[in-house]
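[1] starting from these lines, generate the structure:
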Amino acid sequence: MRVVVLGAGVIGVTGAWYLARAGHEVTLVDRQPEAGMETSFANGGQISAGHAEPWAKPSVVPKVLKWLGREDAPMLFRPRADLQQWLWGLRFAFECLPGRFERHTRQLAGLARYSRESLGALREETGIAYDFLGKGILHFCTDRADFEDLAAHAGQMRRLGIARDVKSAAECLAIEPALRESEVPVAGGVYAPQDESGDAHAFTVKLAERAQAQGVRFLRDTAVQALELSGGRVVAARAGGQRLEADAFVVSLGSYSPRMLRPLGISIPVYPLKGYSITIALPPEQAARAPTVSLTDEAHKLVVSRLGDRLRCAGTAELTGYDTSINDARCAAIVKRIGRLFPALAGLRDVQYWAGLRPATPTNVPVIGRTRYPNLFLNTGHGTLGWTLAAGSGRALADLVSGRRPEVDFRFR
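    Residues are numbered from 1 along each chain as shown. Model prediction:
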């Protein structure tokens, strides 16, 4: 079967890979000159199956209210004359109601575990190198009250089937010795030893190359304009002055998926959340004092991952439409926090700033499956968990397109 996949981020490329492995004739289309050049380019690097959960939960409401008006807030709402933004925000508030968090967490946890297993098998099959580290993820707190809340939350997660080990301050420092130099004392944390980290961009580029070697046709520098309908089906995609006909189409355009789908009468609850990251080049002396275990800083909602001789720190969520400009104040806040946690890195000047749009749903649960048109499929809306869920989502998508039932328990469309 001929399949056109729209979007060559980590979600689109993994989908194209598994579709090709299932025997389909695949065309991958992206407006950028290379794979993984947008949301997948400089994300936090965490493959966080043990921490896959929604942002929307009852405890986040008072924090969001406290952050209002703060330019360096972990989550920032910039009101716009944009109905979709307001609808997304209202839905997010609704999803914070008790009971809904547990339901969505179960969905995410099952897909995340399946994805981590799928990524491990894919890595073994292909031999792709992407600065992989399998040292787990340590979620640490620098505030005692935050630690008590996190420890209680770990107990709730255990009841939902997600194992996280509560660790004392001393145990956190033993897991990641680089935190011993922190100017902000660590109060404790939780540890998911099976979690991983790695460079999503490097993985995406290399998997795209291998997909091409398997026969996938990759159209670069090819912007998708529209999908054509006839007889209740999608018959072609108009992209880069071409008309691409196929038997099935997959929309993996991230934050831009709703724009492609709206003219077809399809509405999905996906809206861009702008995130920021910094990437620090580590000279040998500083590299020896930088962390190697992937970290999550509870106080500032930041994630830290070691990528070879670089350190990536990412976080914050800015609800501000499709603006991808870099806010220096928000990046400076990340740099300042890293300098306090790891003083040996405070004076380094080789720092790259980046901002990208996460395609977020209010529940953090991605949109995967069929649409009202039987040959149009969706694989989008992965939010902050795109790298975590990519392999499992792509594998499940290939099953759906092939008419098979996916092996993972997930509420597909």
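
[2] every contact and neighbour count from this point should use C-alpha atoms.
    Noted.

[3] where's stretch 300-310 relative to the chain centroid, distance-wise?
    14 Å (C-alpha atoms, centre = their mean, to the nearest Å).

[4] I meant stretch 89-106, not that one.
    19 Å.

[5] go on, stretch 249-266?
    Going by C-alpha atoms, centre = their mean, where stretch 249-266 is centred and where its chain is centred differ by 18 Å.

[6] what's in contact with it?
    Stretch 249-266 is contacted from outside by 3-9, 11-12, 39, 225-227, 234, 267-268, 270-272, 357-360, 371-372, 375-382, using C-alpha atoms under 8 Å, 6 or more residues apart in numbering.

[7] likewise for stretch 93-107?
    52-54, 56-61, 160-161, 362-365, 409-411.

[8] from one end of that stretch to the other, what's the distance?
    End-to-end distance of stretch 93-107 (C-alpha to C-alpha, to the nearest Å): 19 Å.

[9] may I see the buried residues of that stretch?
    Across stretch 93-107, burial judged by 16 or more other C-alpha atoms under 10 Å covers 93-96, 100-102, 104-107.

[10] just the pLDDT for the most far-flung residue of the chain relative to its centre.
    What lies farthest from the middle of the chain is residue 231; by C-alpha atoms, centre = their mean that is 35.8 Å. Residue 231 carries a pLDDT value of 95.

[11] quick one: contacts for it?
    Residue 231 touches nothing, counting by C-alpha under 8 Å, 6+ apart.

[12] can you list phi and psi of residue 151 for me?
    For residue 151, the backbone dihedrals are phi -60, psi -40 (criterion: degrees, to the nearest 10).

[13] ok, and the closest non-adjacent residue to it?
    Spatial nearest neighbour of residue 151, excluding adjacent residues (C-alpha to C-alpha, 6 or more residues apart in numbering): residue 166 at 6.0 Å.

[14] what bridges to that neighbour?
    Residue 166 forms beta bridges with residue 190, as assigned by DSSP bridges.

[15] then residue 243?
    Assigned bridge partners for residue 243, using DSSP bridges, are residue 238.

[16] same check on residue 280?
    Beta-bridge partners of residue 280, as defined by DSSP bridges: residue 311, residue 351.

[17] neighbours of it, how many?
    Per other C-alpha atoms under 10 Å, the neighbour tally for residue 280 reads 21.

[18] ok, now residue 310?
    Residue 310 - counted by other C-alpha under 10 Å - has 17 other residues nearby.

[19] what's near enough to touch the closest residue to it other than its chain neighbours?
    Distances taken as C-alpha to C-alpha, 6+ apart place residue 281 nearest to residue 310, at 4.7 Å, with adjacent residues excluded. Neighbour list for residue 281: 309-311, 350-351 [criterion: C-alpha under 8 Å, 6+ apart].

[20] same list (these) but as TSV, adding distance to residue 47 and pLDDT.
    Listed next are the contacts of residue 281 as TSV, based on distance: C-alpha to C-alpha, whole Å; pLDDT from 0 to 100:
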residue	distance to residue 47	pLDDT
309	19	97
310	17	98
311	16	98
350	26	94
351	23	95
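
[21] compare those residues and tell me which is most surrounded.
    Busiest of the contacts of residue 281 [other C-alpha under 10 Å] is residue 311, holding 23 neighbours.

[22] the residue nearest to residue 46 when sequence neighbours are not counted pairs with what?
    Excluding the flanking residues, the one nearest residue 46 by C-alpha to C-alpha, 6+ apart is residue 197, at 4.4 Å. Beta-bridge pairing for residue 197 (DSSP bridges): residue 46, residue 133.

[23] gap between the residue nearest to residue 310 and residue 237?
    Distance from residue 281 to residue 237, by C-alpha to C-alpha: 41 Å.

[24] I'd say the residue nearest to residue 151 and residue 189 touch.
    Yes. If you go by C-alpha atoms under 8 Å, residue 166 and residue 189 touch, sitting 6.0 Å apart.

[25] identify the contacts common to those two.
    In contact with both residue 166 and residue 189: residue 151, using C-alpha under 8 Å, 6+ apart.

[26] one step back: report how many residues lie close to the residue nearest to residue 151.
    23.

[27] test for you: state the pLDDT assigned to residue 65.
    64.

[28] could you do the one 3 residues further on as well?
    On pLDDT, residue 68 comes in at 62.

[29] do residue 282 as well
    The predicted local confidence for residue 282 is 97.

[30] list the residues that contact it.
    Residue 282 touches 309-311, counting by C-alpha under 8 Å, 6+ apart.

[31] before we move on, the earlier item: ok, so of the buried residues of stretch 93-107, who is nearest residue 343?
    residue 105 (35.7 Å; C-alpha to C-alpha).

[32] and that closest one, how far is that from residue 246?
    For residue 105, the distance to residue 246 - C-alpha to C-alpha - is 36 Å.

[33] try residue 58
    45 Å.

[34] and residue 250, that's in a helix?
    No. Counting by DSSP: H, G, I helix; E, B strand; the rest coil, residue 250 is located in no helix; its state is strand.

[35] quickly list what it is bridged to.
    Going by DSSP bridges, residue 250 forms beta bridges with residue 5, residue 377.

[36] neighbours around it, how many?
    25.

[37] cool, the one 3 residues further on as well?
    Neighbour count of residue 253, defined by other C-alpha under 10 Å: 25.

[38] again with residue 375
    If we define neighbours as other C-alpha under 10 Å, then residue 375 has 18 of them.
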